[in-house]
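> Give the three-dimensional model of this entry:
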Amino acid sequence: MRIREIDVPEVFQRLVHAILVATFGDEIEVVDDSGGDGGLDAYHRPTGTLYAIYCPEKRPVDGAAYEREIKSDLKKATTLREEKGYAINRWIFVTPEDLREPMQRIVRDRAAETRMEGICFGETHLRDLFLRHQHLHGLFPDLINPSIVERLSAVERGLIELARTREPMDQPGTVTQRAERLLPTGRIVELSRQLESGDKPSMKELNRIRLESSDSGEQLWATLITIDNLNPATEPGRTLALVEQGISLAQSLNEQGIGASLLAKKAWILSFQMSVEDIDIYYTIEAGNSIGFHTMSDSEFSGTQRRIQVAAEEAAATFLQAENRARETRCYADLAVIYQLHANALALFYHFHSRVPKLAAQARSEVARMRDYYETSLRIAAALDDAFLLARGYHNYANDLRLIKSYDEATNMATRAQEVATASDMKMMQRRAAELISRIDQDKARDLAPSAEPDEDGGC
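So this is what the prediction gives:
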């Protein structure tokens, strides 16, 4: 992604704030504008410079829209100077794209009318400053790494090449070209089947293997199956600990694909925890405000928001790291799993945040990315002829389409999951797909009812 392509105001503001803080340190003042910033996006007190950050949500932007924003923000700047005591003599209009010369002249002329120097900052200035501060690169990985479209196209090319060059494999759907791919032992396979049939005591034996087996490969598979049978939404701490254990085992066995998919699971947990905490804080504050009781001070709120933002950025960077590792080692089925996890994290972000006014636009923008990830995951599964991966992909896609209330599409995907599961005699997946179709019908009927209550669950 290029800076000029950013069309979510919250993302652009966060980027500009991060660049300014990295450049000026504690000399720059930034504010949380959730309650209205009065035109004070950022202020550099030593030089009397006020930054007005503007990110249009629709492109292309006509000149009239820019002129309205310039007029409005300069009026706010004048109020800050005349009534609030800010010694503003320099006004910088910050936008994602570089403005053309006629618009830059308007900025200079309108600012001069208010006795300020008017300057424009766009992609050229921002990118130069961004590249100087390497610690920001991990916080905004999409600005450094290829766009999602370019990355997915590279995966498609890799799959075509794989189809041309690989020899027939004894194990259909093998995750990578490596013949020595680690496979579960017969004992692990049997325990997994018992768990699928609802035999809970087999989990005790699985945990014993995980903790006591002298075979690292067997330990790894026991860990993977244990993770699959936990609900990270209700047991995030335990799941995260097991994921870290699995990553360590995969690394010791040089199982790059499994390690990458576990890394994505870690990113999913971080993303889910961030979404839940963020939405809890939002509704707590809203409830307090409705009765005139402030549940959190401004400084506490800002600190909490920064902590949540760091968690979100860590999750995004971890997803990208997992994706790169699987793609570079050509572990395509693991890559498909990673894409499904990332897609689900985006769907949950939409589900939790689409009702929050300040985050609704960003939440809507994540839906297209979710679809891209799922569609590519399904293409990978089909290219590998991996029926289980394909059925699970259709099922997870259907559940996330349910979360974003695209019910007809959700039913279609769930039906496909059911068809693949039936053809491959996957009884548990058949049951899950049938239950999901019923759930979709219930949710659709509930949303058509006069007083629909929002659903709060979901996930891979």
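> At the geometric centre of the protein, which residue sits there?
The centroid of the chain falls nearest to Leu346 when counting by CA atoms, centre = their mean (4.7 Å).
> ok, which stretches of the stretch 151-300 of the chain are helices?
Secondary structure of the stretch 151-300 of the chain (DSSP state H, counting those that start in this stretch): helices at 186-196, 201-212, 216-228, 236-252, 256-290, 298-328.
> hmm, back to that, check whether the residue nearest to the centre of the chain really touches Val367, as I assumed.
Yes. The pair Leu346 / Val367 is scored as a contact, 7.4 Å apart, by CB atoms under 8 Å. C-beta coordinates here come from the backbone N, C-alpha and C atoms, glycine included.
> which SSE is the residue nearest to the centre of the chain in?
helix 332-353 (DSSP states H and E).
> What residues of that helix count as buried?
332-353 (16 or more other CB atoms under 10 Å).
> How many neighbouring residues does Ile70 have?
23 (other CB atoms under 10 Å).
> isn't there a helix covering Pro96?
No. Pro96: not assigned to a helix; according to DSSP: H, G, I helix; E, B strand; the rest coil it is coil.
> Angles on the backbone of it, please.
Dihedral angles of Pro96 (phi, psi; degrees, to the nearest 10) stand at phi -60, psi -40.
> Quick check: the gap between it and Thr124.
Using CB to CB, to the nearest Å, we find Pro96 at a distance of 11 Å from Thr124.
> swap in Phe24?
On the measure of CB to CB, Phe24 and Thr124 end up 19 Å apart.
> where does the stretch 151-300 of the chain have low pLDDT?
Scanning the stretch 151-300 of the chain for pLDDT under 70 picks out the ranges 151-181, 278-300.
> my guess is Arg432 contacts Tyr394, does it?
No. Look at Arg432 against Tyr394 with CB under 8 Å: they stay out of range, at 10.8 Å.
> So these two - more neighbours on which side?
More crowded of Arg432 and Tyr394, by other CB under 10 Å: Tyr394, with 27 against 19.
> Verify the stated contact: that one with Ala414.
Yes. Contact status for Tyr394 versus Ala414: in contact at 7.1 Å, counting by CB under 8 Å.
> so what sits against both of the two?
When contacts are counted by CB atoms under 8 Å, 6 or more residues apart in numbering, Tyr394 and Ala414 have Ala433 as shared neighbours.
> thinking again about what came up before, so for Pro96 and Thr124, which sits in the more crowded spot?
Neighbour totals were compared for Pro96 and Thr124, and Pro96 leads with 24 against 12 (other CB under 10 Å).
> OK, contacts around that one?
Pro96 touches 3-7, 12, 55-56, 122-123, 126, counting by CB under 8 Å, 6+ apart.
> Narrow those to those that are buried.
For the contacts of Pro96, buried by 16+ other CB under 10 Å: 3-4, 6-7, 12, 55-56, 122-123, 126.
> between those, which is nearest Thr79?
Nearest to Thr79 among those, counting by CB to CB, is Cys55 at 22.0 Å.
> Tell me the secondary structure at the closest one.
Applying three-state DSSP: Cys55 is coil.
> pretty sure it is in contact with Pro9, am I right?
Yes. Assessed by CB under 8 Å, Cys55 is found in contact with Pro9 at 4.3 Å.
> Send over stretch 45-54 as PDB, restricted to the C-alpha atoms.
Taking C-alpha atoms only, stretch 45-54 is exported to PDB below (Å, rounded to 0.1, in the frame of the first residue of the first chain):
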ATOM      1  CA  ARG A  45       5.000  24.400  20.400                       C
ATOM      2  CA  PRO A  46       8.700  25.400  19.800                       C
ATOM      3  CA  THR A  47       7.900  26.600  16.300                       C
ATOM      4  CA  GLY A  48       4.300  27.500  16.700                       C
ATOM      5  CA  THR A  49       3.300  25.000  14.000                       C
ATOM      6  CA  LEU A  50      -0.200  23.500  13.800                       C
ATOM      7  CA  TYR A  51      -0.800  20.400  11.800                       C
ATOM      8  CA  ALA A  52      -4.300  19.900  10.200                       C
ATOM      9  CA  ILE A  53      -4.700  16.200   9.200                       C
ATOM     10  CA  TYR A  54      -7.300  15.500   6.400                       C
END
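> buried stuff in that stretch?
For stretch 45-54, burial by neighbour count (16+ other CB under 10 Å) applies to 48-54.
> List the contacts of that stretch.
Contact with stretch 45-54 is made by 12-13, 16, 20, 27, 29, 39-44, 66, 69, 73-74, 76-77, 80, 86-95, 121, as judged by CB under 8 Å, 6+ apart.
> Over to stretch 64-83?
The contact list for stretch 64-83 (CB under 8 Å, 6+ apart) reads 38-40, 50, 52, 54, 56, 86-88, 91, 93, 95, 99, 103, 106-107, 110-111, 114, 116.
> buried ones in that stretch?
66, 69-70, 73-74, 76-78, 80-81.
> Can you tell me which of the residues you listed lies closest to Ile188?
Glu69 (60.9 Å).
> still on that earlier bit, take the contacts of stretch 64-83 and keep only those in strands.
Judged by DSSP state E, the contacts of stretch 64-83 include 50, 52, 91, 93 as members of strands.
> now for the residues you listed, which pair is the farthest apart?
Largest separation among these by CB to CB: Leu50 and Phe93, giving 10.0 Å.
> picking up where we left off before, list residues touching both of Arg432 and Tyr394?
Counting by CB under 8 Å, 6+ apart, the shared contacts of Arg432 and Tyr394 are Ala417.
> need the contact list for the nearest residue to Ala387 once chain neighbours are set aside.
The shortest distance from Ala387 to any non-neighbouring residue, by CB to CB, 6 or more residues apart in numbering, is to Ser424 (4.1 Å). Applying CB under 8 Å, 6+ apart, one finds that Ser424 lies in contact with 387-388, 391.
> quick one: which of these is most hemmed in?
Going by other CB under 10 Å, Ala391 tops the contacts of Ser424 with 25 neighbours.
> and the helix or strand encompassing Met370, what other elements does it pack with?
Element membership for Met370 (DSSP H and E) is helix 360-384. Applying 3 or more CB pairs under 8 Å, 6 or more residues apart in numbering; DSSP states H and E, we find helix 360-384 packed against helix 9-24, helix 148-165, helix 332-353, helix 387-403.
> Now with 6 Å, please.
For helix 360-384, the packing partners by 3 or more CB pairs under 6 Å, 6 or more residues apart in numbering; DSSP states H and E come out as helix 148-165, helix 332-353, helix 387-403.
> For the ones you listed, which has the smallest mean pLDDT value?
Lowest mean pLDDT of the helices and strands packed on helix 360-384: helix 148-165, a mean of 58.
> Give me the neighbour count for Ala445.
A count of nearby residues for Ala445, using other CB under 10 Å, gives 11.
> got it, and the one 3 residues further on?
Here the neighbour count serves as a burial measure; for Leu448 (other CB under 10 Å) it reads 9.
> Tell me the spacing between it and Asp441.
Taken as CB to CB, the span from Leu448 to Asp441 is 11 Å.
> in the stretch 351-460 of the chain, which segments are predicted with low confidence?
Across the stretch 351-460 of the chain (using pLDDT under 70), the flagged ranges come out as 356-362, 450-460.
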